[in-house]
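Trainee: coordinates only, sequence not included:
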């Protein structure tokens, strides 16, 4: 230590570099403790019946034995129409969601709608749409519209509004100001600014959001039938309730095929529009 | 459609028409009409629906919290399912994610790992829950296992992608010192991806919480079973109480998530 440059003995100590402030360290430590406590408490209190757990591999083997070979004849009988219905539910739901999501997305974007109250209303709509799972939306719409694919389409639509609206609003907020200001100076009305200024800028993002959601909706609409909202889920729950595991297997295989085809399709379309 | 924006001024700007786009829009509109007729949607049905909807909301309206014991019990079970599924899912998806990263592992290792990820992602958690209910019986265990599968699919995929995007310079530097593979992982790879990994975990916890309120519909434990039973008994005031509690719990969880993200920025 060079005493001439370091008159103050605590100088060196103070220069000690730490990555986090004491407050950050304490709060992180507390966070670890809370997380660990939550895990331990959950592990200890969760209700597990040991006999069932020991039995599980046997049951799994039994299930796969019953599933194989899949009942191929079930496809033309019931699966094909139900699968088409599922695709219709997902697509119609996404289209209805677009119609509802565009105004909400415009309302939530702070640079387009300069009104705090409207922003908050739109944000509330988006959050409540996203907090309720599509199965719950389906339960609600089955109670309102009666069982059938229409209830499923509305469930998908109401669940998707939150997703599409949120991402669409974010895309609007990220758009460039230049063209908008140019349109303002020409005295263009609000509607022209929207269609000529904002819309061309967010168009590719918008369609890629919609495609992404359509992909998710196809998977989600497959389970809506479990609560009576139409589609392939009805065929699945019928097969399950009758314990026709070979039919269940056929349903699962056709779902897998459709999901794979749609994924390929979406990747291709996305390449074209982006 | 952009023609509508031109004013009646002297100079008329006619934008070039995007024919492929126009045809796509027309096809979409035609499809919409086709599906509307297919699903037999008409004004009369809509009218009846609105009537019934109003009655339905009327019956939901004063939410009934009288059976709060049942509600809290189901909600706690949902939380347990979410916490356990996320914990086990994270522990299992760490190795799967590593094995699936193409820049660290040879092809014969990444392919099986990727197959696991695809298999875990291909079905909706509720469908996976049905299979686990058959295997381990009704209850929270089946729900937890179903959500573990979903978590592995999601976290390992994003984790593998994050590893594939890291900078190789630091890894090369550590390799140059003669460090063994495990040190390359702990000092070269992990510090680069840890922040994003925490983000994935918090997202997955959120998503597991949402799904854990649902798997009960097929008998896999949690508040979903209570909700479904209330629906089937037309206890709509209890239904609205459950829905309000679910939304409240999810909002609190989002707040906790935000704190967590700030801590581990």
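Mentor: Nice, thanks for sending it over. Since the model is a prediction, treat every value here as computed from it, not as a measurement. Numbers count the residues shown, from 1 in each chain, chains lettered A, B, ... in the order given.
Trainee: all contacts plus neighbour counts: C-alpha atoms, from now on.
Mentor: OK.
Trainee: Okay, buried residues for the helix or strand containing residue A:93 please.
Mentor: When elements are defined using DSSP states H and E, residue A:93 is found to belong to helix A:80-108. The neighbour-count check on helix A:80-108 (16 or more other CA atoms under 10 Å in any protein chain shown) flags A:80, A:82-83, A:85-98, A:100-102, A:104-108 as buried.
Trainee: What of stretch B:234-252?
Mentor: For stretch B:234-252, the neighbour count (16+ other CA under 10 Å) marks B:236-243, B:245-247, B:249-251 as buried.
Trainee: near chain A, which residues of the stretch 151-265 of chain B show up?
Mentor: With CA under 8 Å from any CA of the partner chain as the criterion, the stretch 151-265 of chain B meets chain A at residues B:210, B:211, B:214, B:231, B:243, B:247, B:250, B:263.
Trainee: Residues of the stretch 1-150 of chain A that sit close to chain B?
Mentor: Near chain B, the residues belonging to the stretch 1-150 of chain A are A:24, A:27-28, A:38-39, A:42-43, A:46-48, A:52-53, A:55-57, A:59-60, A:63, A:88, A:92, A:95, A:128, A:131-133, A:135, A:139, A:143-145, A:149-150 when assessed by CA under 8 Å from any CA.
Trainee: Which neighbouring elements make contact with the lengthiest helix in chain B?
Mentor: Criterion DSSP state H: the longest helix present in chain B is helix B:68-100. Packing partners of helix B:68-100 (3 or more CA pairs under 8 Å, 6 or more residues apart in numbering or on different chains; DSSP states H and E): helix A:22-45, helix B:107-121, helix B:140-164, helix B:190-212, helix B:223-232.
Trainee: just to revisit the earlier point, from the middle of its chain, how far away would the helix holding residue A:93 be?
Mentor: The chain centre lies 13 Å from the centre of helix A:80-108; the measure is CA atoms, centre = their mean, to the nearest Å.
Trainee: Now it: average pLDDT?
Mentor: Helix A:80-108 carries an average pLDDT of 89.
Trainee: shaky segments in the stretch 1-150 of chain A?
Mentor: Judged by pLDDT under 70, the stretch 1-150 of chain A has its weakly predicted residues at A:1-17.
Trainee: Let's see that with 50 instead.
Mentor: For the stretch 1-150 of chain A, applying pLDDT under 50 flags the ranges A:1.
Trainee: Starting from whichever strand or helix holds residue A:214, tell me the next helix or strand along the chain.
Mentor: Using DSSP H and E, residue A:214 maps to helix A:199-224. As assigned by DSSP H and E, the chain's next helix or strand after helix A:199-224 is helix A:232-241.
Trainee: Can you give me the buried ones in that following helix?
Mentor: Buried residues in helix A:232-241, defined by neighbour count with 16+ other CA under 10 Å: A:232, A:233, A:234, A:235, A:236, A:237, A:239, A:240.
Trainee: per the record, what domains does the chain have?
Mentor: Just so you know, I chose chain A. Here chain A is described, according to automatic domain parsing, as comprising the domains A:10-45, A:73-273.
Trainee: meant chain B, my bad for not saying
Mentor: Annotated domains of chain B cover B:17-60, B:68-263 [automatic domain parsing].
Trainee: can I get the ones you listed in JSON lines with mean pLDDT?
Mentor: Converted to JSON lines, the domains of chain B look like this (pLDDT from 0 to 100):
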{"stretch": "domain B:17-60", "mean pLDDT": "79"}
{"stretch": "domain B:68-263", "mean pLDDT": "86"}
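Trainee: Kindly compare burial across those and name the winner.
Mentor: domain B:68-263 (a mean of 20; mean count of other CA atoms under 10 Å in any protein chain shown).
Trainee: Tell me the span between the first and last residue of that domain.
Mentor: 34 Å (CA to CA, to the nearest Å).
Trainee: Check which helices and strands the helix holding residue A:214 sits against.
Mentor: Using 3+ CA pairs under 8 Å, 6+ apart: helix A:199-224 touches helix A:80-108, helix A:134-145, helix A:149-173, helix A:232-241, helix A:245-273.
Trainee: Generate CSV for those helices, with distance to residue A:185 as supplementary columns.
Mentor: As requested, the helices and strands packed on helix A:199-224 are exported to CSV (distance: least, CA to CA, whole Å):
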stretch, distance to residue A:185
helix A:80-108, 21
helix A:134-145, 45
helix A:149-173, 20
helix A:232-241, 54
helix A:245-273, 31
